[in-house]
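> 3D model of this:
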Amino acid sequence: MTPAARERLHVRLPLFAVSGAAWLLLAAQPHAMHGFTISSRITASAMMFAAMMLPLAGGPLRHVWDRSFADRRWRALLLFAGVYAALWIAVGIALILVAGWIGAAESPLVMTAAVAAVAAWQFSPAKQYCLNRCHTRATLSAFGPEADLDVLRFGLTHGLWCIGSCFALMLLPMLFSRGHIPAMACMTLWLAGERLEKPLEPQWQLRGPAKTLRLITGQTRVWLQRVLSGGMPGHSALFPFRLRR
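Numbering: from 1, shown residues only. The predicted structure is shown next:
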């Protein structure tokens, strides 16, 4: 493992450990998202944030890690993560309330309107603009209070753009009383795939994790080619491209 890879693990391992624990808690308590007390909604929002959004914070957190001196790194990470988490937990509570109101209406028309609104935002220029801004990495000061303020400001701005990019797809699984945990997992993969896309001009357009799908399709084809090349004669007729060995 290279030194750079070891440095990345300092950020990735805690993120995925906390996210994995949150997914386990959600799986053990599938109805946690439908609590009615303030404490239950805060807890549900925190678990939703940790499960779905922490993995997406890997890029900006690595930026903070790389741009901070060794004796300031963990402090800088905690400052960024604290602001980022506080924003998302507050928004998560709002999304839980909205989902509760939509569910309480028990109206197919209201549900259809909510899904249509999610789709409209997903394909809107505003969504693309927010998604583009999620790729921005702030300039961070190296010393003193300015360094802390820059990290806090970065956590605030990145959190706001991330909310604009992701809130609609985070709401969608919460609209369904059954199967919302698998739907949350699918939306998490979708949102992670969107971050792999390069920034595009904001406009009305179909938008999704196309690059991720291409990577999965390419890797699946390579895997099948390897399997068939070892076990089936005449595979070159099916797969004309040979792998370099």
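> only C-alpha atoms from now on, for both contacts and neighbour counts.
Will do.
> so which bits of the helix or strand that contains Leu171 are buried?
Element membership of Leu171 [criterion: DSSP states H and E] is helix 144-174. For helix 144-174, the neighbour count (16 or more other CA atoms under 10 Å) marks 147-174 as buried.
> ok, now stretch 78-90?
Counting neighbours by 16+ other CA under 10 Å, the buried set in stretch 78-90 is Leu79, Phe80, Ala81, Val83, Tyr84, Ala85, Ala86, Leu87, Trp88, Ile89.
> residue contacts, Ala183?
Pro173 (CA atoms under 8 Å, 6 or more residues apart in numbering).
> could I have the CA atoms of the helix or strand it falls within written out in CSV?
Assigned by DSSP H and E, Ala183 falls within helix 180-194. The C-alpha atoms that make up helix 180-194 are tabulated as CSV, following Å, rounded to 0.1, in the frame of the first residue of the first chain:
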residue,chain,number,x,y,z
HIS,A,180,-37.9,2.3,2.6
ILE,A,181,-34.7,0.9,3.9
PRO,A,182,-33.8,-0.9,0.6
ALA,A,183,-35.0,2.2,-1.2
MET,A,184,-32.6,4.3,0.9
ALA,A,185,-29.7,2.0,0.0
CYS,A,186,-30.6,2.4,-3.7
MET,A,187,-30.8,6.1,-3.4
THR,A,188,-27.4,6.2,-1.6
LEU,A,189,-25.8,4.3,-4.5
TRP,A,190,-27.5,6.6,-7.0
LEU,A,191,-26.3,9.8,-5.2
ALA,A,192,-22.8,8.4,-4.9
GLY,A,193,-22.9,7.6,-8.7
GLU,A,194,-24.0,11.2,-9.5
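> surely Leu171 touches Ala94?
No: using CA atoms under 8 Å, Leu171 makes no contact with Ala94, being 9.7 Å away.
> extract the CA atoms of stretch 25-40 and return them as CSV.
Taking C-alpha atoms only, stretch 25-40 is exported to CSV below (Å, rounded to 0.1, in the frame of the first residue of the first chain):
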residue,chain,number,x,y,z
LEU,A,25,-29.2,0.3,13.3
LEU,A,26,-31.7,1.2,10.5
ALA,A,27,-32.0,-2.5,9.5
ALA,A,28,-32.6,-3.5,13.1
GLN,A,29,-35.2,-0.7,13.6
PRO,A,30,-36.9,-0.3,10.2
HIS,A,31,-39.7,1.8,11.6
ALA,A,32,-37.3,4.4,13.3
MET,A,33,-38.0,6.8,10.4
HIS,A,34,-41.7,7.0,11.5
GLY,A,35,-41.3,8.1,15.1
PHE,A,36,-43.5,10.9,16.4
THR,A,37,-41.4,12.4,19.3
ILE,A,38,-38.8,15.1,18.8
SER,A,39,-36.0,12.8,20.1
SER,A,40,-37.0,10.0,17.8
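> give me the neighbour count for Trp190.
Residues within reach of Trp190, counting by other CA atoms under 10 Å, total 17.
> any chance of the backbone angles for the residue nearest to it when sequence neighbours are not counted?
In this structure, Trp190 finds its nearest non-sequential neighbour in Pro209, 6.1 Å apart by CA to CA, 6 or more residues apart in numbering. Backbone torsions of Pro209, given as degrees, to the nearest 10, read phi -80, psi 60.
> okay, now Pro209: neighbour count?
Here the number of neighbours of Pro209 (other CA under 10 Å) works out to 16.
> and for the one 10 residues further on?
The local packing of Gln219 (other CA under 10 Å) involves 12 other residues.
> how much space between it and Ala210?
In this view, Gln219 and Ala210 are 14 Å apart by CA to CA, to the nearest Å.
> which SSE is immediately downstream of the longest helix seen in the chain?
With DSSP state H setting the assignment, residue counts place helix 73-105 as the longest helix in the chain. Scanning forward in sequence from helix 73-105 by DSSP H and E, the next helix or strand is helix 108-122.
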